[in-house]
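J.: Got a sequence here, can you model it:
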Amino acid sequence: MRTLLIASQGLRGTPVRSILVIVALTLGMLGFVAVLTANQVEQQTLTQKAILTGGMPATVELTITGPRSEAQAVQAGRQLGRRLGADAVAAFVQDENVTVWSQSKILDDVDVTFATPSLTSVRPFPQASGAWLSDRAFAAPRVEVNEKAAKTLGARHGLSLGTSDTRLRFTIVGVVRDGSDDAHVYVPASDYALFSDDSPVWHLQLHAPQLNDDDAIAAAHTLTGLGAPFELGDAHRTDTVDELSAELDSTTRVLLVLGALGLASTIVGILNVGLATASGRSKEFALRRTLGASRGGIALIVMVESQLLAIVSALVAFAGSFLLFPVVVGAFGAQLGVAVPAYDPRYGVVCLVIASLTAAVSSLVPALLSYRRDLSSVMRE
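T.: The predicted structure follows:
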């Protein structure tokens, strides 16, 4: 307690030095925490975008022909899912002949997908507003749009959905974040029959922990060999999370190196301040030695002073990172079109650890100098 009191008195006696150290530590920590924050946000947002656009890890997409209705396509998907042990199965149709119209003009920049409600079990779209697609039948199509489509369609009049022969007014019931840069409208798969009598090409997406396209192809061939009423077209993996993780690892290493270099420059700056202070306070240390303070006690005071400054700097850096976090992650979210993660309270612990270690390292040399300083040489100065 006595050492702590003496250290606090020493800090009050050198206000300029204390302010400089606090500013240097705060900037160093803010820089390092900014690197950690940017890295975490980048990883989470890019991974989320990969899941929204390509599905969760181990997602396979198969195209099949034969089913004329949603019920038949769903049945085929369930059969494949049971054989493959899939956790989630979804079906959708993309027909270029069915488009969004504004009065008598086709909106070519808006894509249309007829999907089963289970699509979000494979690609878990965050719901920005409203509700996701429903199996219930309505007189007019009730559709879901992504944020890009919400902006595009919001400025249009006389909107309808359909072909050149059949068009129906629709109601937007919700907005999702699907990670796509293009405007997209999602329509219940059961409504496809309202616009076409043809047998479409169905896309089945299946997710399982260890699923691969070879197993999916083998299962489809087995089912068709047993008389299942569909024919297999293409089959391929759609998820990109694993590939993305490998790319992000290299980015993480580069960012950590940059953060470490920033901290190293902070340590050097604080070390210079500490050396100058130790030289300027040599008479003070000599007087304390004369009054009975030990060399170890003097060195301990220097170390305690640095840790007090570290605590203050950590609090300032934590508050600063908390205030800057919405700006940083908001920029990522706007660019990637996905929901961003919340602020991690562990950044406060990171700030404290970084500040304590940086202050300890930077005060180590001044503490050793004060420990080894010869009393007689100081008294002669």
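J.: C-alpha from now on. contacts and neighbour counts both.
T.: Fine.
J.: Please, where are all the strands along this structure?
T.: Under the criterion DSSP state E, the chain contains strands at 59-65, 88-93, 99-102, 105-106, 110-115, 127-130, 142-146, 159-162, 167-168, 171-176, 183-188, 202-207, 231-237.
J.: among those strands, which is nearest residue 352?
T.: strand 127-130 (36.0 Å; Cα to Cα).
J.: strands paired with that closest one, and their directions?
T.: strand 171-176 (antiparallel) (DSSP bridges).
J.: quick one: the strand it pairs with to strand 142-146, angle?
T.: Between strand 171-176 and strand 142-146, the angle comes out at 30 degrees (axes from the mean of the first three to the mean of the last three Cα atoms, to 10 degrees).
J.: Pull out the buried positions in strand 171-176.
T.: For strand 171-176, burial by neighbour count (16 or more other Cα atoms under 10 Å) applies to 172-176.
J.: Please apply the same query to stretch 229-237.
T.: Buried-residue list, stretch 229-237, by 16+ other Cα under 10 Å: 229-230, 235-237.
J.: Look up phi and psi at the nearest residue in space to residue 57 that is not next to it in sequence.
T.: What sits nearest to residue 57 in space, not counting adjacent residues and going by Cα to Cα, 6 or more residues apart in numbering, is residue 239, at 5.6 Å. Here is the backbone geometry of residue 239 (degrees, to the nearest 10): phi -80, psi 150.
J.: Could I get the contacting residues of residue 120?
T.: By Cα atoms under 8 Å, 6 or more residues apart in numbering, the contact list for residue 120 is empty.
J.: Tell me how far it lies from residue 321.
T.: 34 Å (Cα to Cα, to the nearest Å).
J.: Tabulate the buried residues of stretch 229-237 in CSV, adding columns for pLDDT.
T.: Below are the buried residues of stretch 229-237 laid out as CSV (pLDDT from 0 to 100):
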residue, pLDDT
229, 90
230, 92
235, 92
236, 92
237, 91
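J.: now, among those residues, which is nearest to residue 204?
T.: Nearest to residue 204 out of the buried residues of stretch 229-237 is residue 235 (Cα to Cα; 9.3 Å).
J.: Quickly list what that closest one is bridged to.
T.: Here residue 235, judged by DSSP bridges, has bridge partners residue 62.
J.: Quick check, it in contact with residue 61.
T.: Yes. With contact defined as Cα atoms under 8 Å, residue 235 reaches residue 61; the gap is 5.6 Å.
J.: In the stretch 1-150 of the chain, where is pLDDT below threshold?
T.: 1-18 (pLDDT under 70).
J.: residue contacts, residue 62?
T.: Neighbouring residues of residue 62 by Cα under 8 Å, 6+ apart: 203-205, 216, 232-236.
J.: Show me which of these is closest to residue 124.
T.: residue 205 (12.8 Å).
J.: The closest one: neighbour count?
T.: Per other Cα atoms under 10 Å, the neighbour tally for residue 205 reads 29.
J.: Who's the closest spatial neighbour of it, skipping the chain neighbours?
T.: Residue 205's closest residue in space is residue 61 (Cα to Cα, 6+ apart), at 4.4 Å.
J.: Tell me who's in contact with the one you found.
T.: 203-206, 235-238.
J.: follow-up on the earlier one: who are the neighbours in contact with the residue nearest to residue 57?
T.: Residue 239 is in contact with 50-51, 53-60, counting by Cα under 8 Å, 6+ apart.
J.: re earlier: overlap in contacts, residue 235 and residue 61.
T.: Here residue 235 and residue 61 have no joint contacts, going by Cα under 8 Å, 6+ apart.
J.: Find the centremost residue of this structure, please.
T.: Nearest to the geometric centre of the chain sits residue 44, at 2.4 Å (Cα atoms, centre = their mean).
J.: quick one, what contacts residue 147?
T.: Going by Cα under 8 Å, 6+ apart, the list of residues near residue 147 reads 175-177, 183.
J.: how close does the residue nearest to residue 205 sit to residue 219?
T.: Per Cα to Cα, residue 61 is found 13 Å from residue 219.
J.: Test my guess that residue 85 contacts residue 206.
T.: No. Using Cα under 8 Å, residue 85 makes no contact with residue 206, being 9.5 Å away.
J.: These two - which one has more neighbours?
T.: Using other Cα under 10 Å as the criterion, residue 85 and residue 206 rank with residue 206 on top: 32 against 16.
J.: which residues sit against stretch 203-214?
T.: Residues outside stretch 203-214 that contact it (Cα under 8 Å, 6+ apart): 55-64, 77, 81, 84-93, 122, 235-237.
J.: of those residues, buried ones?
T.: Neighbour counting by 16+ other Cα under 10 Å classes 55-64, 77, 81, 84-86, 88-93, 122, 235-237 among those as buried.
J.: If anything else comes up later, I'll come back, but that's it for now.
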